[in-house]
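K.L.:
here is a sequence together with a model predicted from it:
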Amino acid sequence: MSSSYYTRFVSILALTVIFSAHTALALSQELSAQSDVSTSTETVIDMESYVFSPSEISVAVGTPLRLLLRNQSFLVPHNFLLDDPNGVRILDVDISSGENQSHTLTLAEPGIYPFYCDKQLLFFPTHREEGMEGRLIVQ
Ligand SMILES: [Cu+2]
């Protein structure tokens, strides 16, 4: 085997290994995503100025809820504050403009869990006062 054939052979072999590893990784990610779907509920909440869309969501008691929070506002930071039915804060995250965040919650207590954004620019009203609030119903 001449050296150029050898180099080509090794290159093809390396590409084959990299491609196979990539395919196996993609496949395993797909499988884990599929197994997620069967055991959890996923809800996308878009955060706009100044509204959550949707503003009301529901989930069954004890079922993992994967919240995908997407800040769709231009240059406006938001947060996502979620309280349990007793008023205890259970989620408090900042989400900057254009950012997406995913959080998974499993709620064992039925009831209404209010969520809102309390960001505020200077002396202006809070985003919640502008209408940026909603509720999660656990039943
Ligand atoms: Cu906000």
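P.N.:
Structure received.
K.L.:
what's the weakest-modelled helix or strand in the protein?
P.N.:
For the chain, using mean pLDDT, DSSP states H and E, the weakest element among its helices and strands is helix 3-39, scoring a mean of 50.
K.L.:
moving C-terminal from that helix, which element do we reach first?
P.N.:
Sequence order places strand 41-48 as the next helix or strand after helix 3-39, per DSSP states H and E.
K.L.:
report the buried residues of that following strand.
P.N.:
Ile45, Met47 (16 or more other C-beta atoms under 10 Å). Just so you know, the C-beta spots here come from the backbone N, C-alpha and C atoms, and that holds for glycine as well.
K.L.:
anything in that strand near the ion?
P.N.:
No: using C-beta under 5 Å from the ion, we find that strand 41-48 stays clear of the ion, coming within 6.5 Å at best.
K.L.:
which elements pack onto that strand?
P.N.:
strand 51-53, strand 56-59, strand 65-71, strand 78-83 (3 or more C-beta pairs under 8 Å, 6 or more residues apart in numbering; DSSP states H and E).
K.L.:
does the spatially most central residue of the chain belong to a helix, a strand or coil?
P.N.:
In the chain, the residue lying closest to the centroid (C-alpha atoms, centre = their mean) is Ser102, at 2.0 Å. Classification of Ser102 by DSSP: H, G, I helix; E, B strand; the rest coil places it in strand.
K.L.:
which ones are touching it?
P.N.:
By C-beta atoms under 8 Å, 6 or more residues apart in numbering, the contact list for Ser102 reads Arg66, Leu67, Leu68, Leu69.
K.L.:
would you mind measuring from it to the ion?
P.N.:
18 Å (C-beta to the ion, to the nearest Å).
K.L.:
done for today, thanks.
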